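Participant: Sequence first, predicted coordinates after that:
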Amino acid sequence: MPAYSTNMRLKFPILALTLEIITIILFGVFVDYDDGKHGGHGAHNTTHHKEKKDPLTLYPMFQDVHVMIFIGFGFLMTFLKRYGFSSVGLNLLLAAFALQWGLIMQGLWHLDDGKIKVSIFKMINADFSTATVLISFGAVLGKTSPVQLLIMTILEITIFSINEHLVAEILEANDVGASMIIHAFGAYFGLAVARMLYRPALRNSHENDGSVYHSDLFAMIGTVFLWMFWPSFNSAIAESGTDQLMAVTNTYFSLAACVLSAYAVSSLVEHKGKLDMVHIQNATLAGGVAVGTCADMDIGPFGAMIIGFVAGIVSTLGFKFLTPILASNLGIQDTCGVHNLHGMPGILGGIAGIVAVALGKKKGSAAMQGAALASSLGFALVGGTITGLIMKLPFWGQPPDQNCFDDSIYWEVPGEEEEEGEESLAHGDQKAEA
Amino acid sequence: MPAYSTNMRLKFPILALTLEIITIILFGVFVDYDDGKHGGHGAHNTTHHKEKKDPLTLYPMFQDVHVMIFIGFGFLMTFLKRYGFSSVGLNLLLAAFALQWGLIMQGLWHLDDGKIKVSIFKMINADFSTATVLISFGAVLGKTSPVQLLIMTILEITIFSINEHLVAEILEANDVGASMIIHAFGAYFGLAVARMLYRPALRNSHENDGSVYHSDLFAMIGTVFLWMFWPSFNSAIAESGTDQLMAVTNTYFSLAACVLSAYAVSSLVEHKGKLDMVHIQNATLAGGVAVGTCADMDIGPFGAMIIGFVAGIVSTLGFKFLTPILASNLGIQDTCGVHNLHGMPGILGGIAGIVAVALGKKKGSAAMQGAALASSLGFALVGGTITGLIMKLPFWGQPPDQNCFDDSIYWEVPGEEEEEGEESLAHGDQKAEA
Amino acid sequence: MPAYSTNMRLKFPILALTLEIITIILFGVFVDYDDGKHGGHGAHNTTHHKEKKDPLTLYPMFQDVHVMIFIGFGFLMTFLKRYGFSSVGLNLLLAAFALQWGLIMQGLWHLDDGKIKVSIFKMINADFSTATVLISFGAVLGKTSPVQLLIMTILEITIFSINEHLVAEILEANDVGASMIIHAFGAYFGLAVARMLYRPALRNSHENDGSVYHSDLFAMIGTVFLWMFWPSFNSAIAESGTDQLMAVTNTYFSLAACVLSAYAVSSLVEHKGKLDMVHIQNATLAGGVAVGTCADMDIGPFGAMIIGFVAGIVSTLGFKFLTPILASNLGIQDTCGVHNLHGMPGILGGIAGIVAVALGKKKGSAAMQGAALASSLGFALVGGTITGLIMKLPFWGQPPDQNCFDDSIYWEVPGEEEEEGEESLAHGDQKAEA
């Protein structure tokens, strides 16, 4: 079929250019630099040596978060043997668009003289909003076209911004590390989309739905950068001073404890006590997710470690036992296992937050914390279902089953080795045209 | 030919050791630590808790730039299937020498009590100077020996320092992100060298002048780190405070817009609407180059995005249509396509700067901006031509045509896979000696 | 042998879970957040805008060190063709445990109201303590089980903390960049362990004890991140202000000079003047090790460069000539050559420190510097020997000779290429069960 609908020639460029032009116009109307004069922090003077606060104080934290988004998420998904270009490449595309769209969607709730005034703080939040999309991307990785993913980005960021506003401003719930509003939200949104895009033909594992030795090493680049910089993610928007230090400390130790439990359980459940790269790449990070809501609460390093320890166990067991069940019984084909890394640990984080607030570890209401968790899950499931239905429309260039998990359908792909270059390329094209 | 002149046994070690010893002596004579007492910023006191400014304030920005130089440029060039060792290894060698040489060449214009007093600011500038060499390296990648490249480094850094002094101190032109003095300069210098080193036999593509699947993923490590930290590059030496925040913000949004246009145009011009890794690895960065001169000007996030958007288009079209013409018609074989990533976007940045200054977005003279652009191009073309002629002298160990783009001529190279280790090694040696 | 003792099913999970639970209990008893009220820096107030010092001032430095530990060390060791999972994976496991254990072992010497109060400064020191273990890990890489390595971690961190206390508090020696207490200590500790675990059968090189093309590129990710962030390692705990700037500057230039000498000597000693990746990956870093003790001393950039220059030569020559002798004559099989990267350069750093203090470059006593070096070597050799004897006990799951340097004994390993996936996996299992 020469004119197969996966041909992106016109659909994708037109959509991408149109979105960017609309975005630029919206920026022209709404977005300006932060002049340091807004908000309740008192007037800043405009001399070169600010007495109180350099506008770039948060910049190193921002860069850590930036690395998590673009290297962390991007390379974590390169574990698939023939889908590395899409993993890191579409990650870049989606995040670059999402951060622009997120800045507007989040900023519209807080206009200042009719403008969104961009500060490093707002750039961190824009990066945060992209994380929801990248988490959902993990659930549908390998089974969606760039056009579908751009549509998901627009809708998910928009719905995310509504839920975030509700949780933070109306419910006034605590979620400094975003266990609920990013991780649980992004995971269940993605799972709902995946449910809508269910492919019965992929029930028996696809030949390309797996890793090779080197692709697992590329993925570890993503894992380790996420692991290292997670303390920045959970503390970037915390109150500066002691709260921020607590957020860093709690996340650091939660992650460390999580590594031990994830490794232990991986060995416990695998054949002959071996370690499984899927668990190591993912479950070692669950401690960062699960401690998110409580990160800036006075739970003690000890409390943070218990949360991380449990998260590592839950996440590893999820990969081993739950993911296959979700796929076979519920029709949810979760490529990266985001349910185990972001979904369950996100809920665990939300529950830990309810408990911690009830115990007085932070000002707030346990009921509002519970409402925030429920709201995040509700918006995710309903929003993801609707988004999935829209993405299912037959003209977005969705790949046929046999071309899933294969870069060559949307990318010019060279061969693996010089000797087999031509052959592999032909192989790729052949499949795409088959 | 057993005693082929590519044997580096004596030439390379003698040159490298001699250069380093000379450099150490020059450091002994000229270089000292910054004691915080120089310059017009008013006297610093020497108590441990400085009231005004910690000497390490710029250190996180420095480290971001450092990552761009050593990881960014180094891995970006690993896209070649058999030239990864040279890409990342010679990148390290050249940059390590260039930063020492650059510190002296830049510092000699600004002696303080007869000394170059090293501060983080000066270290950032030294790193900057290496970027010009690494850009030019991209133009001649795969076709030059380490000895030739060290010679290019000495000459290029020296010429760069003269032009930089002229642009910044005499013309007093704005170029905070160095679109003109680094990117355009480095690109056209490299293209002039490449023209001098033209190899007619490589007119028909060399079998090793291409990527394999994994090498493209290694290159993406470079791309993404460059992309993420470009806001630091463009803002590192900006006036602290609002100007620096503007530089960060403008670069962040220019790059984001550039990604969308580069992806769209790549899909538009490629076979069946597929994306091309060469474009994604390079053209997505053009927005960082093009917004450089204007980065700290009040052009609005909106203005920055337009610059990035255009740069993404120009750069991608350059890769697709211009690079082949340069190679076949003008004898300029630009291995990495630096003309598309640094050359044209650098000129675009220079022109944007002229327009922005003319519109009053920053203090300055549009004429001086124009003179700065002309000066940068002039020094680059003349300097590159002379440098290329010197590099062409027949005793620098230049590789023969058939060994271009092949690590095994200058490196001990293991096999690709364990099973074929011996075989591949033999293959490599065979070619080198053939 | 179907029930071969390398089966980790129960041993490893039980040990890991037990260690983590004990650690969490110890944290519950001893560890609390830093409230900023301790120490002699004068009382901090608790308003949001601290006058003097944000508790996160050192956070960017901490993150640089963090990257060195987890990416730097982890990927540096991925050079082995079939041991990448273990290199980066066990590196993560050991470091995650070591930082928790290190925080307690170091903190017990400095209790504050009976508590270890965690600050960024203490987190940096905890990360530092892990470096000793990771250096020793390099010496025994490929020849030890995860259980053996966890035991080594506990013992080594404990012994390290005693020596560190002795050197810093009793001898009051200078060692800001830890040439002696981390690098020399970690190297000779590891070499002593390696001596105890000597395997005569590996005298003739093992087929998997080598690199392939891509694994050398992965290793360069580690090398370059270590190289870039070493100035942070050597300056992180320096006195803020001029001392810290000196530490950064000295390390930056020492490393740059070291690159030139390492490349030159590598070419000088190799076949046909080619460069050897083993030297480039390792010896280029020796300048960072060797300048460690003197980093915050007034030795001049010139002095730092001489140290780096010599270190690059010594380290490269060590790899070429000394490592084979150690293996064949002394029964010390040093997989990564830590003797050349950390051992000799560490001693060189210690000696440079003695000389510099004797010349009055820093307050202190040359005799105490010498005692610190002797103490570090003594604790390392004795501690490493005892630890090696314990690790040699036959029930820790040590791999048989033929399975050394092979991930598949402790990891579920996919095939290298999709076409040969099944085959390779079978190959791996076959060997493990043979």
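Facilitator: Alright, I've got the coordinates. No experiment lies behind these values; they were computed from the predicted model shown.

Participant: pLDDT-wise, which helix or strand of chain A ranks last?
Facilitator: Using mean pLDDT, DSSP states H and E, the weakest-scoring helix or strand in chain A turns out to be helix A:421-433, at a mean of 36.

Participant: Count residues in the vicinity of the residue of the stretch 1-150 of chain A found nearest chain C, would you?
Facilitator: Using Cβ to the nearest Cβ, the closest approach of the stretch 1-150 of chain A to chain C is made by A:Pro60 at 4.3 Å. Heads up, the C-betas are built off the backbone N, CA and C, glycines and all. The number of residues packed near A:Pro60 is 24, by other Cβ atoms under 10 Å in any protein chain shown.

Participant: Same question for the one 5 residues further on.
Facilitator: By other Cβ under 10 Å, 26 other residues sit near A:Val65.

Participant: same thing with A:Ala264?
Facilitator: The number of residues packed near A:Ala264 is 25, by other Cβ under 10 Å.

Participant: Quick check, pLDDT for the residue of the stretch 1-150 of chain A closest to chain C.
Facilitator: Reading off the per-residue confidence, A:Pro60 sits at a pLDDT of 97.

Participant: Next: A:Leu275.
Facilitator: Confidence at A:Leu275, expressed as pLDDT, is 97.

Participant: Which residues are in contact with the residue in the stretch 1-150 of chain A that chain B sits nearest to?
Facilitator: In the stretch 1-150 of chain A, the residue found nearest to chain B is A:Arg9; the distance is 3.1 Å by Cβ to the nearest Cβ. The contact partners of A:Arg9, taken as Cβ atoms under 8 Å, 6 or more residues apart in numbering or on different chains, are B:267-268, B:272-273.

Participant: and the gap between A:Gln100 and A:Leu92?
Facilitator: 13 Å (Cβ to Cβ, to the nearest Å).

Participant: if you go through the stretch 151-300 of chain A in chain order, where are the strands?
Facilitator: In the stretch 151-300 of chain A, the strands defined using DSSP state E, counting those that start in this stretch lie at A:275-276.

Participant: ranges for the helices of it?
Facilitator: When secondary structure is read from DSSP state H, counting those that start in this stretch, the stretch 151-300 of chain A shows helices at A:185-196, A:213-235, A:242-269, A:277-282, A:286-290, A:300-317.

Participant: for the longest one, what is the average pLDDT?
Facilitator: pLDDT averaged over helix A:242-269 equals 97, rounded to a whole number.

Participant: Kindly calculate the angle that it makes with helix A:213-235.
Facilitator: Comparing the axes of helix A:242-269 and helix A:213-235 via axes from the mean of the first three to the mean of the last three Cα atoms, to 10 degrees yields an angle of 150 degrees.

Participant: Packing partners of the helix or strand A:Lys122 falls within?
Facilitator: Secondary structure here is read from DSSP states H and E; on that basis A:Lys122 sits in helix A:120-140. For helix A:120-140, the contact count by 3 or more Cβ pairs under 8 Å, 6 or more residues apart in numbering or on different chains; DSSP states H and E identifies helix A:59-67, helix A:73-76, helix A:84-107, helix A:146-165, helix A:185-196, helix A:338, helix B:242-269 as packing neighbours.

Participant: any idea of the angle the third one forms with helix A:59-67?
Facilitator: Pointing back at helix A:84-107 there. Orientation check (the same axes, to 10 degrees): helix A:84-107 against helix A:59-67 gives 130 degrees.

Participant: I'd like to know how many residues surround A:Ile182.
Facilitator: A count of neighbours around A:Ile182, defined by other Cβ under 10 Å, yields 26.

Participant: Which residues are in contact with it?
Facilitator: A:128, A:131-132, A:135, A:160, A:292, A:346.

Participant: Try it again at 6 Å.
Facilitator: For A:Ile182, the contact set (Cβ atoms under 6 Å, 6 or more residues apart in numbering or on different chains) comprises A:131-132.

Participant: On the pLDDT front, check it for me.
Facilitator: Model confidence at A:Ile182, expressed as pLDDT, equals 98.

Participant: Taking chain A, what residue is nearest to chain C?
Facilitator: Closest point on chain A to chain C, by Cβ to the nearest Cβ, is A:Gly273, at 3.2 Å.

Participant: Thought A:Ser266 was touching that residue, still the case?
Facilitator: No - contact status for A:Gly273 versus A:Ser266: not in contact, 9.3 Å apart, counting by Cβ atoms under 6 Å.

Participant: So the two - more neighbours on which side?
Facilitator: With neighbours defined as other Cβ under 10 Å, A:Gly273 and A:Ser266 compare such that A:Ser266 has more, 29 against 20.

Participant: which residues touch the closest residue to that one other than its chain neighbours?
Facilitator: Closest residue to A:Ser266 apart from its sequence neighbours, by Cβ to Cβ, 6 or more residues apart in numbering or on different chains: A:His279 at 3.9 Å. Counting by Cβ under 6 Å, 6+ apart, A:His279 makes contact with A:262, A:266, A:316, A:319.

Participant: tell me which of those residues is nearest to A:Phe79?
Facilitator: A:Phe319 (12.5 Å; Cβ to Cβ).

Participant: ok, the closest one - contacts?
Facilitator: Counting by Cβ under 6 Å, 6+ apart, A:Phe319 touches A:278-279, A:337, A:340.

Participant: Looking at those, which one is closest to A:Phe70?
Facilitator: Minimum distance to A:Phe70 across these is 21.1 Å, recorded for A:Gly337 (Cβ to Cβ).

Participant: and the angle from the helix holding A:Lys122 to helix A:84-107?
Facilitator: Here helix A:120-140 runs at 130 degrees with respect to helix A:84-107, directions being taken by the same axes, to 10 degrees.

Participant: Distance from the chain centre to helix A:120-140, please.
Facilitator: With Cα atoms, centre = their mean, to the nearest Å as the basis, helix A:120-140 stands 6 Å off its chain's centre.

Participant: Then stretch A:230-245?
Facilitator: Going by Cα atoms, centre = their mean, where stretch A:230-245 is centred and where its chain is centred differ by 19 Å.

Participant: can it be found next to chain B?
Facilitator: No - among the residues of stretch A:230-245, none lie within reach of chain B under Cβ under 6 Å from any Cβ of the partner chain; the closest is 11.8 Å away.

Participant: buried residues in stretch A:254-263?
Facilitator: Using 16 or more other Cβ atoms under 10 Å in any protein chain shown as the test for burial, stretch A:254-263 gives A:254-263.

Participant: ok, which residues in the stretch 151-300 of chain A are in contact with chain C?
Facilitator: Of all the residues in the stretch 151-300 of chain A, those lying near chain C are A:211-214, A:217, A:220, A:224, A:228, A:241, A:244-246, A:249, A:256-257, A:259-260, A:263-264, A:267-268, A:272-276, A:280, going by Cβ under 6 Å from any Cβ.

Participant: which bits of the stretch 101-250 of chain A sit near chain B?
Facilitator: Neighbours of chain B within the stretch 101-250 of chain A, by Cβ under 6 Å from any Cβ: A:118, A:214, A:218.

Participant: mind redoing it with 8 Å?
Facilitator: Where proximity means Cβ under 8 Å from any Cβ of the partner chain, the interface of the stretch 101-250 of chain A facing chain B comprises A:118-120, A:123, A:146, A:214, A:218, A:221.

Participant: so which of these is the most crowded?
Facilitator: Highest neighbour count within those, by other Cβ under 10 Å: A:Phe218, with 27 neighbours.
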